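Asker: the following comprises the amino acid sequence and a computationally predicted model.
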Amino acid sequence: DGIWMNMSDQAGTIMCLMVWFLLGYSCLTIVWLAETGGLPVSLSMIYCILCSLALSCHAKTTLTDPGSVPQSAVPSEAQRKNHPEQKLSMCSQCQTFK
């Protein structure tokens, strides 16, 4: 349902920007090393592909809603019988099962 981002988390935003800057800088450094002959070009390509995949995953987790447990989610009888010693915990805010 669109883009979600917690805008009130200044520390998280700063860390997010630092991750992007550091991964981008490391990718540029690896490319420069490959151009000057310090590293094989194939290794540079693999590193840049991995950096781009890491940044795309980071963007997806940063900009999408983390989700929540639905209000109607209740442990089944089978779960209760299989683990009778386990206490069913509930959220103190919304009173749903965790």
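Answerer: Received the coordinates, thanks.

Asker: average pLDDT for the longest helix seen in the chain?
Answerer: Determined from DSSP state H, the single longest helix within the chain is helix 10-35. Mean pLDDT, computed over helix 10-35, is 94.

Asker: for that helix, enumerate the helices and strands it packs against.
Answerer: Judged by 3 or more CB pairs under 8 Å, 6 or more residues apart in numbering; DSSP states H and E, helix 10-35 is in contact with helix 41-63. C-beta: built from backbone N, CA, C; applies to glycine.

Asker: off-centre distance for the helix it packs on?
Answerer: Centroid separation for helix 41-63 versus its chain: 13 Å, with CA atoms, centre = their mean, to the nearest Å.

Asker: give the other helices and strands that it contacts.
Answerer: helix 10-35.

Asker: sort out which residues of the helix it packs on are buried, please.
Answerer: For helix 10-35, the neighbour count (16 or more other CB atoms under 10 Å) marks 16, 23, 27, 30, 31, 34 as buried.

Asker: from those residues, pick the one nearest residue 91.
Answerer: residue 16 (27.0 Å; CB to CB).
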